[in-house]
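K.L.:
Following is a predicted model, sequence given first.
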Amino acid sequence: MNIRNTGTTDHLDTLPKLLFENYRKNPSRVAMRKKDLGIWNPYTWEDCYINVKHFALGLKEMGFQPGDKLSIVGDNEPEWYWAELAAQAIGGTSVGLYIDVIPEEVLYIVRHSDSTFAVAKDQEQVDKFLDIINELPNLKKIIFWDPKGMRAYLEDPRIVYFSDVVKIGKQYEERNPGVFEECVEKGKGTDIALICYTSGTTGLPKGPLISHDYMIKGSKRMAKINPWFPSDEYLSFVPLAWIAEQLFMVAWLLWGAPVNYPESPDTVMENIREIGPQFLLLGPRQWQGLVAMVQMKINDAVFFKRWLYQLAMTIGYRYADYFYEKREKPPMLWSILHKLADWSCLMHIRDNLGLSKARVGLTGGTALGPDVFRWFQAIGVNIKEAYGLTEVNPVAMHSDWSKPGTVGPLVPGTEVKMSAAGEVMVKADPIFSGYYKQPDKTVEAVEDGWVKTGDAGVFDEDGHLIILDRLKDMLRLKSGEKYSPTYIENRLKFSPYIKDGMVVGGQERDFLFAIINIDFDNVGRWAEKNGHPYTTFVDLSQKEEVYDLILKDVERVNKDLPEGARVKRFSLLHKEFDPDEGELTKTRKLRRAFLDKKFKTMIEGAYSNSPHVIMEAEVKYRDGRTATVKTEISIRDSR
Amino acid sequence: MESSSQTKLIQVNSLKLSFGGVLALNQIDLDIYEGELLALIGPNGAGKTCLLNCINGFYKPDSGHIKYKGKDITTVPLHKRAHLGIARVFQGIQLYDGLTTLDNLLAGAHLFIKHNIFSAFWYIGKAKQEEIRQRKKVEEIIDFLEIEHVRKKMVGELPYGMQKRIDLGRAMAMSPDLLLLDEPMAGMNLEEKEDMARFILDIHDEWGTTIILVEHDMGVVMDIADRLAVLDFGQKIAQGIPEEISRNPKVIGAYLGEEK
C-alpha cells in the first residue's frame, strides 16, 4: 500500500488505514486476546489484518458494494470488530445492534439502515434474523461466527459461516492481489464508519451517521485526558453497539494496547482478574456488582477478617476524603495509617477484583451511585465518570481528580454552552454527520453546529460539568429559575445521613423547600457517638443537633446550585416515606402529587415562614381503631 | 434426527429380572438404534430404572441377553461397560462436592488415562499429551454446556439445576456412545428444564450420541424423543414415535389413567 509514513499519524484518517499501519509496524505483536476453552488465545496484528482483509474480500465476492451497510450483533469478540473493519475497508458502513434486541427491533434497524449483509454471533442471534427474513428482501446473507448449534442451518443458502467467508476472500485475493489495499487507500476521513442507532427510549431509534474523522479525533481528544500506552491492557465488555466502546476500540487502533475479550458475559469478573487491565469501561451495574461481591464475601468471612476490613475501609474513606473532597495533602498520621490499611487489606481487595493495575476505570451511560463511587475511592481505585452522546462524544470526563456527582471537566477540543433554556449545547470537531434518512431530525438536533443534548446542566466552581436532568423534566420557580427536583434530591442522598427527600417548589413559589428523611441507622449511630440521647425516630429527627448536622449537607448541596434555585428551608420528617402508605411507588420513586397533598400543612408552614408546624397524622391500629397523633416539626432556614 | 442408520446399538432380548416374588422386568425385548434418542416412559415402579440398571450392569438379569454393538455384554461387569462407551447420569447427583466443576469433569474423563505413574509424576511424554487432550475435551464440554463461570467453583456450593448440568457433563466426559439419562429434569424449574432439554438435544445432534432417556415430564419427552418405549408393571406395552404413543389406548390406560 502506498501510505507513506510522514512521521505523524494524521494521514491515517480511516480505521482500516490505522489497522494497516499497525500491521505494517508490528505484525507479530499481540493485538487481541480472546478466552476460549479456558485459554487466552492471542491474535497478532497480522492475524487481525489478514482476517479483516479476507473477510472483506469474501464480502465483496458475495456482492457487498461500497456504501453498503453491514449489521452486526453478538457478544464482544474479535469477529465482531473484524467484521466492522472489513465493511469499512471496502467502503461500507457497520451498524451495531445490542445483543438483547428483539426480532422487531432487528427488522426496524436492518430495514431502516438498508443493510445488505448481517453478521450474527450464534444460533440465538441468527434465529432473530430468520424470524423476520421474509420482510427483508434486501438482506443477502446472514453470517455467523460461533458454529455451535448451527449444523442444521447450513443447508439454508442465506446462512454462511464466518470462516467460509474468510476462505472465499482468500481465494479472491489469490486471483486479485492488491484489491483490498486499493480499497483501503480510497477511504476518506469523512466517510461514514458507523451508524450507531440510539436505544430509542423515546419513539423509534434514530441512526446517527458517524464518520471516521469523528471516531479518530474523538478518541484522540479522550486520550488527552486519560492517555493510553501501548503497554496497557484493555478489557472490552460493554456492547460494541455503544459509541463509547467504539471510541475505545479506536484507541486500540491508535495506541495498539491489546484488547481482551472475556470468555462469556458470566465470567467477566474472573476475566478482569486474569488480565488486570489498565483500562476498563464498565456500566454502573457492573461496578455495583463488584462492590456487592466484596461485601458478600466479607460478610461470610471470619470475625478477624471482617474487623480488619471495617478498620481498613474506615481509614480508606477518611484518606479518600482528603483527596477527593478536601483536596489537600493528608496529614502524616493518616498517610501512615493508610499505608498500613493498604498493605493489610485494601491492596488485596484491589488484587482480588483485578483492579491492581487499573489506571482508568470508567463508567458512563447513567450516573453511578455515590456510595459505589466512594467505595472505590476508599479502596484506592479512581473511578471516573464520562459524559457524551452518540451525536458528539466525548464531552466531559474525569481525569485524575474524580468528583462524584459531576461528569468531570470538558474534554479539550469540546465546547459547551448553556442555551437560554438551560440546555447543554455541545460543539466539537467533528460532530456526527446527521441522522440516516432523517434530515428533519438532524435540523432539530443541531443549531449552528451546536448539538442539543436535551440535558439540563451547569458547571460547578471547579469547572466540572453537572448534568441535572433531562431538560423536559426540569421545573421552574416563580422567578423563572430552573431546577431539577430529582437532581437535588439525589444530591441530598449523597449524604450518609439522608435517606430520602422531596424538593418542593413550582411556579407559584419563590424558593425551594425540602422535606428530608433522615437515615435512622446512621444518624442514630452519630447521635450515640456524640452523646445526644434519643428515644424514637420522631425524637431523633426533631433534635436541634440533628438539624445542625443535616444543615451542613443541605448547604453543601446548595453550594453547587445556582443562587436562585437553592433549598432555602428544610424540615426533617418525623417518619420515613413508605410505599405502604402510598408515599412511594413500589420501585421507591416519590409520588409527588400525593405527598404534596399529604404534607400540605407543612409545606404551607414552610412558605409562610413559621419556625415549626404541627402535623396531625391518623394512625390505624391493627385492631382497626384509629387515633390522631400530633407531632411538632421544626422548619429550618438554610443558605 | 431420525434413526437414519438402522444399526442396532443395543439389543435387549427377553430380559427378565425379579426381586424375590416381585417381577421387575418381564420378557423385555427392545432394540435401540445407533444415533437415536429413545425415551423410556411408564408409571412409577414400571421398571424403567431397572432396565437402565441392567443395561449399565448394576443389576444382573435373571434371564435374557443384552447385546451392545453386536456383542453380548450380559455378564460383562459394571466398570468394564464404562470402558465400552456406556455412560450414565443417575437420578441423584453423583459428583464430588469438594471438587471444582473442572476437576469433576476431569475425573469423568480420567477413566481413559493410560499413562503410568512415572510419566505422570514427571509430567512428560504420554502423560502430558493425555492431560492436555483430556483438558481440551473437558473444556469443550464446559463450552458446550455453558458452565464457564463455574469452572473453578466447588460443585457443592452450586444450585441443584447447575449440579445436574455438571453431572451431565461428567457423563459426557467419558465420550460415551450410549448415554443413559435417568430423570435428568427431576426437581427442576421450567427454565432449567428447557435448558436441559436443549442440551440433551444438542448432545444428540452435535455429538451424535445415542441416548436413552427416562423422564416423567411428558411434555418434554414428546418434544424431544425420536421414539418411545412404554413399560408398565415390568412389561413393555408399546413402542413407537411420539404421535403413535400418545394415541395408543394401552398407554393412555396405563400411564395417563383409564379413559372414561
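P.N.:
Yep, that arrived. All values reported here derive from a predicted model rather than from experimental measurement. Numbers count the residues shown, from 1 in each chain, chains lettered A, B, ... in the order given.
K.L.:
Residue of the stretch 151-300 of chain A nearest chain B, please.
P.N.:
Checking the stretch 151-300 of chain A residue by residue against chain B with Cβ to the nearest Cβ singles out A:D266 as nearest, at 3.6 Å. Where you see a C-beta, it was placed from the backbone N, CA and C, and this is true even at glycine.
K.L.:
From B:R135, how far off is the nearest residue to that residue once chain neighbours are set aside?
P.N.:
On the basis of Cβ to Cβ, 6 or more residues apart in numbering or on different chains, the spatially nearest residue to A:D266 that is not a chain neighbour turns out to be B:H149, at 3.6 Å. As defined by Cβ to Cβ, to the nearest Å, B:H149 lies at a distance of 18 Å from B:R135.
K.L.:
And A:E544, by the same measure?
P.N.:
On the measure of Cβ to Cβ, A:E544 and B:R135 end up 69 Å apart.
K.L.:
swap in A:V30?
P.N.:
In this view, A:V30 and B:R135 are 23 Å apart by Cβ to Cβ.
K.L.:
Alongside chain B, which residues does chain A contribute?
P.N.:
Taking Cβ under 8 Å from any Cβ of the partner chain as the measure of proximity, chain A contacts chain B at A:36-39, A:148-149, A:151-152, A:263-264, A:266-267, A:270.
K.L.:
so of the residues you listed, which ones are in strands?
P.N.:
Assigned to strands by DSSP state E, the following of the residues of chain A next to chain B qualify: A:36, A:39.
K.L.:
I'd like to know which residues of chain B are adjacent to chain A.
P.N.:
Of all the residues in chain B, those in contact range of chain A (Cβ under 8 Å from any Cβ) are B:135-136, B:139-140, B:142-144, B:146, B:148-149, B:151-152, B:202, B:205-206.
K.L.:
Need the max-distance pair from the residues you listed.
P.N.:
Checked with Cβ to Cβ, the residues of chain B next to chain A reach their widest spread between B:K152 and B:D205, with 29.2 Å between them.
K.L.:
Over to the residue in the stretch 151-260 of chain B positioned nearest to chain A. Which of the three states is it?
P.N.:
With Cβ to the nearest Cβ, the shortest gap between the stretch 151-260 of chain B and chain A falls at B:D202, namely 6.0 Å. Three-state assignment for B:D202 (DSSP: H, G, I helix; E, B strand; the rest coil): helix.
K.L.:
Can you name the residues that contact it?
P.N.:
With contact taken as Cβ atoms under 8 Å, 6 or more residues apart in numbering or on different chains, B:D202 is in contact with A:148-149, B:144.
K.L.:
can we see that at 7 Å?
P.N.:
Taking Cβ atoms under 7 Å, 6 or more residues apart in numbering or on different chains as the definition of contact, the neighbours of B:D202 are A:G149.
K.L.:
Likewise for the one 4 residues further on?
P.N.:
With contacts defined as Cβ under 7 Å, 6+ apart, B:E206 is in contact with A:R151.
K.L.:
Which phi and psi values does it adopt?
P.N.:
Geometry field for B:E206 lists phi and psi as phi -80, psi -40, criterion degrees, to the nearest 10.
K.L.:
Would you quantify the distance from it to A:M269?
P.N.:
The value you get for B:E206 to A:M269, if Cβ to Cβ is used, is 29 Å.
K.L.:
How about B:Y33?
P.N.:
If you measure B:Y33 against A:M269 using Cβ to Cβ, the figure is 46 Å.
K.L.:
how many other residues sit next to residue 158?
P.N.:
Went with chain A since none was named. Each residue near A:R158 was counted by other Cβ atoms under 10 Å in any protein chain shown, and the total is 15.
K.L.:
switch to chain B, that's the one I care about
P.N.:
What B:L158 shows, counting by other Cβ under 10 Å, is a neighbour count of 18.
K.L.:
before we move on, back to that, pick out the most distant pair among the residues of chain A next to chain B.
P.N.:
When these are compared pair by pair using Cβ to Cβ, the two farthest from each other are A:A152 and A:E270, 32.6 Å apart.
K.L.:
Now the helix or strand in which A:N522 is found: buried residues?
P.N.:
With elements delineated by DSSP states H and E, A:N522 resides in helix A:520-529, which encompasses its position. Within helix A:520-529, the residues scored as buried using 16 or more other Cβ atoms under 10 Å in any protein chain shown are A:523-524, A:526-527.
K.L.:
just stretch B:43-50 next, same as before
P.N.:
Of the residues in stretch B:43-50, those buried by neighbour count under the rule 16+ other Cβ under 10 Å are B:46-50.
K.L.:
for stretch A:28-35, same thing?
P.N.:
Judged by neighbour count (16+ other Cβ under 10 Å), stretch A:28-35 contains these buried residues: A:30-35.
K.L.:
Pull the residues that contact it.
P.N.:
The contact list for stretch A:28-35 (Cβ under 7 Å, 6+ apart) reads A:22, A:40-46, A:48, A:77-78, A:256, A:258-263, A:271.
K.L.:
one more time with 6 Å, if that's ok
P.N.:
By Cβ atoms under 6 Å, 6 or more residues apart in numbering or on different chains, the surrounding residues in contact with stretch A:28-35 are A:40-45, A:48, A:78, A:258-261, A:263.
K.L.:
Put the alpha carbons of it into CSV.
P.N.:
Below are the C-alpha coordinates for stretch A:28-35, written out as CSV (Å, rounded to 0.1, in the frame of the first residue of the first chain):
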residue,chain,number,x,y,z
SER,A,28,3.8,-10.1,15.3
ARG,A,29,2.8,-8.0,18.3
VAL,A,30,-0.3,-9.2,20.2
ALA,A,31,-3.3,-7.1,19.3
MET,A,32,-6.2,-9.1,20.8
ARG,A,33,-6.9,-11.9,23.2
LYS,A,34,-10.0,-13.9,23.5
LYS,A,35,-10.5,-16.6,26.1
